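Undergrad: With the sequence up front, the predicted model follows.
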Amino acid sequence: MVEGGDPRYLANRMRESGLADLFRTLTGTVQVGLDAGSMVMTTSRGSPAMACPAVWVKHDGMAPLGSSTHRSGAAAGPVGGPGRPTVWLAATAVAYSVLHHVGSGLAWLGPVGSGPTRWADWIDLATPYAFLLPAAMTLWRAGEIPAAAWLAYLVGAVTYVEGHGVHLSANSISNARPTEAAHLWDEVVGHYLWFIGSMLVWAALATTLSRRRPVRGPLPALLALAVGVTASTNALEGGTALLGLAAAGGFAAWAWLTRAGSGRLMLIGSVPAILIIAGWGMWNAGFPQPSEVGWG
């Protein structure tokens, strides 16, 4: 039995490991494949959407079997888009790592005219679009994914947008007229909703892509590190340090379980996040916001 995954990766690994040659020597056996595994376990493919280079296992002496794309309904289209999701995942990582520092990174732009709002806040309005749309495209381009992953993404996206909106509006109100209510909605409610939402989105991406063929090279590792550092600094400045530490620990555990695939990239991001948050807590005997101790 051969299960699912990346069909090219499965076929190449079967050849490299000698398993493909072993299959050719077996007689009187039934060979079964699930999802992508069914594609490498057959001599023909019934859908152009499954077309790959000639890397398929040849079964000498066996009756050729066919396969076709399974659909959820008679008129349903493909579950996911063609191609690899890595470009969209990279765009998601860049948007998250850059725009989640807009508040402090562009603070030097100052207020808009003589009004109470800042340029950084207006620019920050683009953050949900820049982060969530590429994340959705990553899932769609990944092909068939569990419904639970889409559910996690949708719940995370709604929670993230709500938290981001609450944070921006309450922050602007607080800049004009500081009150305890504005502080509560900005620094507590908004930050927690915003952070939980972003972690749910990353969890949807992680569970979908971590078991796939690992993406190698310095750029993916750099982006993974940027995401981890951004998540940790956001957790510290947002007052969600303990939640950030728990999230980083969860991602690190999942990354270790899936380290044979793309999960190894999550280790590059999650382990530094743990070290940054834990190190900050030990250094300061607590988790003050970096801006409160002169770091921003």
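TA: Thanks, I have it.
Undergrad: can you pull out the strands in the stretch 101-250 of the chain?
TA: Taking DSSP state E, counting those that start in this stretch as the criterion, the stretch 101-250 of the chain carries no strands.
Undergrad: now it, which segments are flagged as low pLDDT?
TA: Along the stretch 101-250 of the chain, no part satisfies pLDDT under 70.
Undergrad: change it to 90
TA: Scanning the stretch 101-250 of the chain for pLDDT under 90 picks out 101-122, 124, 142-146, 168-178, 182-183, 186-187, 210-217.
Undergrad: where do the helices sit along it?
TA: Assigned by DSSP state H, counting those that start in this stretch, the stretch 101-250 of the chain shows helices spanning 102-105, 119-124, 127-141, 147-176, 180-183, 191-209, 218-237, 241-257.
Undergrad: Excluding chain neighbours, what is closest to Ala252?
TA: Using C-beta to C-beta, 6 or more residues apart in numbering and skipping the chain neighbours, the partner closest in space to Ala252 is Ser270 (4.0 Å). (Each C-beta comes from the backbone N, C-alpha and C, glycine too.)
Undergrad: show me the contacts for that neighbour.
TA: Ser270 sits next to 228, 248-249, 251-252, 255 when contact means C-beta atoms under 8 Å, 6 or more residues apart in numbering.
Undergrad: Of those, keep whichever come out buried.
TA: If you count burial by 16 or more other C-beta atoms under 10 Å, the buried members of those come out as 228, 248-249, 251-252, 255.
Undergrad: okay, the residues you listed in a markdown table with distance to Ala95 next?
TA: Formatted as a markdown table, those follow (distance: C-beta to C-beta, whole Å):
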| residue | distance to Ala95 |
| --- | --- |
| Gly228 | 15 |
| Ala248 | 20 |
| Gly249 | 25 |
| Phe251 | 19 |
| Ala252 | 23 |
| Ala255 | 21 |
